[in-house]
Every structure is written in C-alpha cells, then in structure tokens.
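Participant: Structure for the following, please:
(one chain, ligands or ions: 1)
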Amino acid sequence: MANAERVRVRGLSIFRPIIWGNSATLLTREEREKVPAEHTHKWTVAVRSATSAPGSDIVGGADDLSHFLKRVSFKLHETYPNPMRNIDKPPFEVSETGWGEFEVHIKLFFVPESGEKAITIYHHLKLHPWSLSGEPDSVPPLEVAQKAGPIHSWQYDEVVFNDPYQNFLTILTNNPPTPLPHAKTNGRTVPFHHANPTSLEASKGGVPEFTVLMEKDEAERLEKGKKAIIAEQEKTRAMLIAREKELERLQKMLNG
Ligand code: SLL
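Facilitator: Here you go, the predicted model:
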C-alpha cells in the first residue's frame, strides 16, 4: 500500500448504521417431519444494514456492507454441529432450526483497509413471543403463531470509524448508506421492543422496519415517563403533607 494511503484523516468520524438480531418462525407440521423431532422453530440470525429495501419482507439489508465488513462469525450454542459459522460474503447470516434460545456470539471483522480490530457483540436468539400472555418461553399453538407472524428481535447500532485512513475514507464515501425512512413505509411496523410488547401493530405480524421516527417515539416515551414520575411525586408529597397535618391535629388533641 502506498504511504499516502496510510494517512489518517484526523478529527473525522464516519458512522455506518447496522442492525443485528434474528427472526424466528414456528415450524409447520410438514416442516417438522424433515428435522430432528425436538426442533420447533426455524430462525435466521443476521448482521445487516439498518435500512430495509423498499417492498422487501426482510428487516434491514438494503445496502451491501462488504465494503467495510470482511467476515461475520456467528458462534452458536454447542448443541449445534460446527457451532462456529464464518460468513465471508453477504448476506451475513445463518439460518437453522432448533428448539431453544441461547446467546449468539457475533464477531465483526473489518476489511484490512480500515485498520480496525474485530468487535464482538452478543445477541439473545429469540424464538418465543414477547410475553404477550405473561408466560415466558411458551410455544403457542401453531395456528396462533401463524396468525401472529414471525418473532423479530433486532438491535440498531452504528459502527463508528474514527480518524479513518484516507483510502478507507474513499471506500466509505463511495458507499453511502441508504438513509432510514422518516416514517413507516408500506404500513410496516417498528421492531418488537420491550417498551411495547403488546403493541397492536406488532401483534398483527407486519415486517418491522427501522425508521428515524423510532428515535422520536423513544424521546416521547421518555418524556411521558418523566412526567408520570413527577406527577406521582407530587401526589406522594401532597399525601405526606396531609398526613403530617393529621398527625399534628391528633397530637394536639392528645395533649389538650
Ligand atoms: C436452553 N440454554 O436450555 C438453552 C440452550 C440450545 C438450543 C438452547 C440445538 C438443536 C440441535 C438447539 O436448538 N439448541 O440439537 O440441533 O434453552
């Protein structure tokens, strides 16, 4: 590599939005005949660009990330044969069938031009519905699951490249990410999410999609939560004052 290419552009940070996570579906009776008897679900764990392709039924993945990702390794539970799965070209994903949830160790390896070290992230493979019934980890009847659609568990993040090498910067700027849509498109929904596990739209089983609206929604949720806490504090304070007055009155009665 020419020396000029190894020059870092100081003070510059370039980020790339990515998502990681999984989707999972309960196997149909026919599908179950072709897999080990105890397998109940098929799932896909993936690392993708954050924006979804228009009209696509997969979460994220509009952009090819291979200009900065060289390899994604997915370390599965040791009950799987060859649990270490190295994926060297897109789509960076692994599809399997199984019966249980577990922690997937995901390691991102960057292209040599980046000069970046690999990073490891962890994803809890989600097979079971976000406890709509209050009963965790229960396998719903097939008809119910089919109606509800696939389970989705996705995490948004941004890979940040600080002081990038000049030649890597060129690669990055030649591959700009597709911006997130401002609002829901195609009537699709934001991903399932601890904050709204019973979201009506989620339960309709649409394919979730990340949007910039999510950030606004989250800010609004925080603001609402803050207001609720302040209101609760005010109520408690008023009650305390009333009780103190009552105590004072009773003490006066006793003394008097
Ligand atoms: C559990 N701690 O007990 C977890 C482990 C492992 C899931 C879940 C393997 C399938 C196969 C499979 O589904 N493992 O044997 O091919 O819930």
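Participant: Specify the residue ranges that define each domain of the protein.
Facilitator: Domain ranges of the chain: 2-208, 211-256, per automatic domain parsing.
Participant: which one of these is the most hemmed in?
Facilitator: domain 2-208 (a mean of 16; mean count of other C-beta atoms under 10 Å). Any C-beta I mention is one placed from the backbone N, CA and C, and that applies to glycine too.
Participant: Please tell me how far residue 249 sits from the ligand.
Facilitator: For residue 249, the distance to the ligand (C-beta to the nearest ligand atom, to the nearest Å) stands at 60 Å.
Participant: Tell me which helix or strand in this structure has the weakest average pLDDT.
Facilitator: helix 200-203 (a mean of 42; mean pLDDT, DSSP states H and E).
Participant: Tell me the helix or strand right after it.
Facilitator: helix 213-255 (DSSP states H and E).
Participant: Quick check: mean pLDDT of that following helix?
Facilitator: Mean pLDDT, helix 213-255: 89.
Participant: Ok, stretch 120-133 next?
Facilitator: For stretch 120-133, the mean per-residue pLDDT is 82.
Participant: any residue of that stretch up close to the ligand?
Facilitator: No. Residues of stretch 120-133 are not located near the ligand by C-beta under 6 Å from any ligand atom, the shortest gap being 8.2 Å.
Participant: Off-centre distance for that stretch?
Facilitator: Chain-centre distance of stretch 120-133: 10 Å, with C-alpha atoms, centre = their mean, to the nearest Å.
Participant: In the stretch 101-250 of the chain, which residue sits nearest the ligand?
Facilitator: Closest to the ligand within the stretch 101-250 of the chain is residue 102: 4.3 Å, counting by C-beta to the nearest ligand atom.
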